[in-house]
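Enquirer: for reference, the sequence and a predicted model appear below.
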Amino acid sequence: MSPFNKKRISATQSKVTSRRMRNSHIGTHNRVVPSSRRMNASSVGFSNSRKQRRATRGVVQNLRPSTTTGESAAAYNRRVNTREFSQQIQSRRRIQTLAFLLALVAVVLVVGVVVGVNAFFGLMGSKMALTDDSAREVLVAQEDGKPFYLLVTADLDSSDGANDSVDLLSLVRIDPETRLGTFVGIPSNTYVSLSDGMGHKIVEARQVGGTKELVNTVSDLTGVGISHLVTADADGIRKLTEQMGGVTLNLSEEVDDPNAGGTYIASGQQTLDGDQLLTFLRASNYTDGVKSQMANQGLTIALFMQNLSKDTFLALASRLDRCAGTFQTDWSGSGLYSALSELHGFSVDNIYTTNIPGYRDSVSSDASYVVSTASLATLMEQVDAGERPLLDGQVDVSGVDPSQVKVEVRNGSGIDGGASTIATLLEAAGYQIADTGNADSYVYGETLVVYKDDKMKAAAESVVGTLGTGRAIAANGFYSFSADVLVILGGDWKPQS
């Protein structure tokens, strides 16, 4: 008689029991027993001998796992059937569900923020988009983290209508790593040859071939590739100045140029509004003429850059959004944001300003500015290397320590108290005043700063820069003085009121 019938277990019940037994196998007990072998029940621990014997006959109805706590099957049964155990399981499930929902919400929020940010920068970029997009064809790609060139142009809308004589053109080399900016001014009446094969002033390039022609012309003239372009007009400069709360400058000379507008601006520290700033940018009747005008324009661009790059994250994005309509650029909204973020901390104290070397051709009817080609090539080598650019004959005065320079001052202008005034100015700048007095005669029409030998040439040039007037010359045995430098005040000096 079959053992199944003896125990009143049918074949069907045996199959069901075996299936349940297989399904209940977990952990190390879950292994397949070949059909040709009997299950080795002796290798499995049971709570009593009756269950052990039944397992030997293949009638295992349930199998409990061995617990990591080492508890018995009875203790295990009591634990898993308690209310606390059920509550723990439910609590874990609730935590898992909550974690899933939070993760889902986070994903939705991130997607929403990304979409919103892209939309924000997209709208900003549309406000700044170039009206003439042809320049993109000739702009060169910027290498990440490497120095690049930016061309800044502006129509300053001169008061006399002669826009080509006052427009702003500045080639800017920016080094993101050192945050050094070098501003090379290009007089708007610079004489160049354009694609039509004829000679023109450089500001006429747009009329010949659009913005693309202008970018190409500046690139060919200076021998460098231009990566980005920023353009503005007078109205945009007014609005940008307003957004900045005015532009604060320390003017070494008064601004009183009838051709630049009717606004008079005194020397010293001044905060200029939009109209005053436009007059400042147009003015050219300084002691150094074009050189001072180019330096003023470069400094103004640097101040705008400093203001726009001083904020971080949301503040910068908000400021850019407010200023977006004041200028046009090839940069996208996010691209300009990234560029300014990389320049965070940029300062006007870390800039060089210069202009392309040349001269005004007084013989020609239009008085064009003629470039000195060889000198320009040398200058651009210095600019491209990130060095302080020096025009022919210029001296680097960056290493001069005024406290180590002794100066004598003589009044050769006949202006009462002139020598004392000059001495006070130089002393405030840190120079040592050795002596003051009058010259032998009041015949000096030009202020002279005299040095004994070449070692003091830089010191003399530094004094010229501090005075904002004068010319440095070597003594060559014609002047007698005991200090390092002699200042002879001439009739070109104007006392400040």
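Expert: Ah, there it is. Numbering: from 1, shown residues only.

Enquirer: for the protein, what spans make up the helices?
Expert: Ranges of helices in the chain, per DSSP state H, are 3-6, 11-24, 49-56, 73-80, 83-128, 205-222, 234-243, 274-282, 290-308, 314-323, 333-342, 373-384, 418-428, 457-467.

Enquirer: could you measure from residue 346 over to residue 144?
Expert: 18 Å (CB to CB, to the nearest Å). C-beta coordinates here come from the backbone N, C-alpha and C atoms, glycine included.

Enquirer: who's more crowded, these two?
Expert: residue 346 (22 against 7; other CB atoms under 10 Å).

Enquirer: how near is that one to residue 304?
Expert: For residue 346 relative to residue 304 (CB to CB), the value is 11 Å.

Enquirer: what do you get for residue 234?
Expert: Taking CB to CB, one finds residue 234 at 15 Å from residue 304.

Enquirer: am I right that residue 193 is in contact with residue 199?
Expert: Yes - Residue 193 is in contact with residue 199 according to CB atoms under 8 Å; the separation is 5.6 Å.

Enquirer: I'd like to know how far the residue nearest to residue 401 when sequence neighbours are not counted sits from residue 354.
Expert: The shortest distance from residue 401 to any non-neighbouring residue, by CB to CB, 6 or more residues apart in numbering, is to residue 430 (7.9 Å). The gap separating residue 430 from residue 354 is 25 Å, by CB to CB.

Enquirer: out of these two, which sits in the more crowded spot?
Expert: Comparing residue 430 with residue 354 by other CB under 10 Å, the one with more neighbours is residue 354, at 21 against 13.

Enquirer: wait, the more buried one touches residue 391, no?
Expert: Yes - contact criterion CB under 8 Å: residue 354 and residue 391 qualify, at 6.7 Å.

Enquirer: dump the residue contacts of the nearest residue to residue 397 once chain neighbours are set aside.
Expert: Distance criterion CB to CB, 6+ apart; nearest residue to residue 397, sequence neighbours excluded, is residue 462 at 4.2 Å. Residues near residue 462 by CB atoms under 8 Å, 6 or more residues apart in numbering: 397, 400, 402, 405.

Enquirer: dump the residues you listed to CSV, plus pLDDT.
Expert: Conversion of the contacts of residue 462 to CSV gives the following (pLDDT from 0 to 100):
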residue, pLDDT
397, 81
400, 90
402, 93
405, 94
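
Enquirer: neighbour-wise, which of the residues you listed leads?
Expert: residue 405 (23 neighbours).

Enquirer: which residue sits closest to it, ignoring its sequence neighbours?
Expert: That would be residue 459: by CB to CB, 6+ apart, it lies 4.6 Å from residue 405.

Enquirer: what stretches of the stretch 351-497 of the chain score poorly on pLDDT?
Expert: Within the stretch 351-497 of the chain, the ranges that satisfy pLDDT under 70 run 362-366, 392-393, 494-497.

Enquirer: all strands of it, in order?
Expert: 351-355, 358-360, 369-371, 406-411, 432-438, 448-451, 471-474, 485-489 (DSSP state E, counting those that start in this stretch).

Enquirer: take those strands and write them to CSV, including distance to residue 289.
Expert: Formatted as CSV, the strands of the stretch 351-497 of the chain follow (distance: least, CB to CB, whole Å):
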stretch, distance to residue 289
strand 351-355, 10
strand 358-360, 8
strand 369-371, 10
strand 406-411, 26
strand 432-438, 30
strand 448-451, 19
strand 471-474, 14
strand 485-489, 22
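
Enquirer: to residue 207, which of these lies closest?
Expert: Proximity to residue 207 (CB to CB) singles out strand 369-371 among those, at 18.2 Å.

Enquirer: now do the buried residues in that closest one.
Expert: 369, 371 (16 or more other CB atoms under 10 Å).

Enquirer: counting contacts, what elements does that strand pack onto?
Expert: Where contact means 3 or more CB pairs under 8 Å, 6 or more residues apart in numbering; DSSP states H and E, strand 369-371 is packed against strand 191-193, strand 358-360.

Enquirer: give me the contact list for that strand.
Expert: Here strand 369-371 has contacts from 187, 189-192, 221, 290, 356-361, using CB under 8 Å, 6+ apart.

Enquirer: just the buried residues from these, in ChimeraX please.
Expert: In ChimeraX syntax, the buried subset of the contacts of strand 369-371 is picked out as below (16+ other CB under 10 Å):
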select :187,189,190,191,192,221,290,356,357,358
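
Enquirer: so which of the contacts of strand 369-371 is the closest to residue 455?
Expert: Distances from residue 455 to the contacts of strand 369-371, taken by CB to CB, are shortest for residue 357, at 26.1 Å.

Enquirer: wait, isn't that closest one in contact with residue 377?
Expert: No - counting by CB under 8 Å, residue 357 stays clear of residue 377, with 9.8 Å between them.

Enquirer: who does the closest residue in space to residue 173 that isn't next to it in sequence bridge with?
Expert: Once flanking residues are discounted, residue 173 sits nearest to residue 182: 4.3 Å by CB to CB, 6+ apart. Residue 182 has the following beta-bridge partners by DSSP bridges: residue 173, residue 352.

Enquirer: quick one, what contacts residue 182?
Expert: Applying CB under 8 Å, 6+ apart, the residues near residue 182 are 172, 173, 351, 352, 353, 354, 383, 386, 389.

Enquirer: you'd agree the first one is up against residue 152?
Expert: Yes - in this structure residue 172 lies within contact range of residue 152 using CB under 8 Å: 6.1 Å.

Enquirer: between these two, which contacts overlap?
Expert: residue 301.

Enquirer: residue 465: what's it in contact with?
Expert: residue 397.

Enquirer: swap in 10 Å and give it another go.
Expert: 252, 397, 400, 429, 449, 472 (CB atoms under 10 Å, 6 or more residues apart in numbering).

Enquirer: then residue 427?
Expert: Residue 427 neighbours (CB under 10 Å, 6+ apart): 402, 407, 409, 433.

Enquirer: most neighbours among the residues you listed, please name it.
Expert: Neighbour-wise, the contacts of residue 427 (other CB under 10 Å) top out at residue 409, 29 neighbours.

Enquirer: which ones are touching the spatially closest residue to residue 285 that is not a sequence neighbour?
Expert: Spatial nearest neighbour of residue 285, excluding adjacent residues (CB to CB, 6+ apart): residue 257 at 4.6 Å. Contact analysis of residue 257 by CB under 10 Å, 6+ apart lists 159, 166, 263-265, 279-280, 282-286, 293.

Enquirer: coming back round to it: the residue nearest to residue 405 against residue 396, yeah?
Expert: No - the criterion here is CB atoms under 10 Å, and residue 459 misses it with residue 396 at 11.8 Å.

Enquirer: between these two, which one's more packed in?
Expert: Comparing residue 459 with residue 396 by other CB under 10 Å, the one with more neighbours is residue 459, at 25 against 12.

Enquirer: quick one: contacts for the more buried one?
Expert: 395, 397, 399-402, 404-407, 431, 449, 451, 472, 484-485.

Enquirer: appreciated, that's everything.
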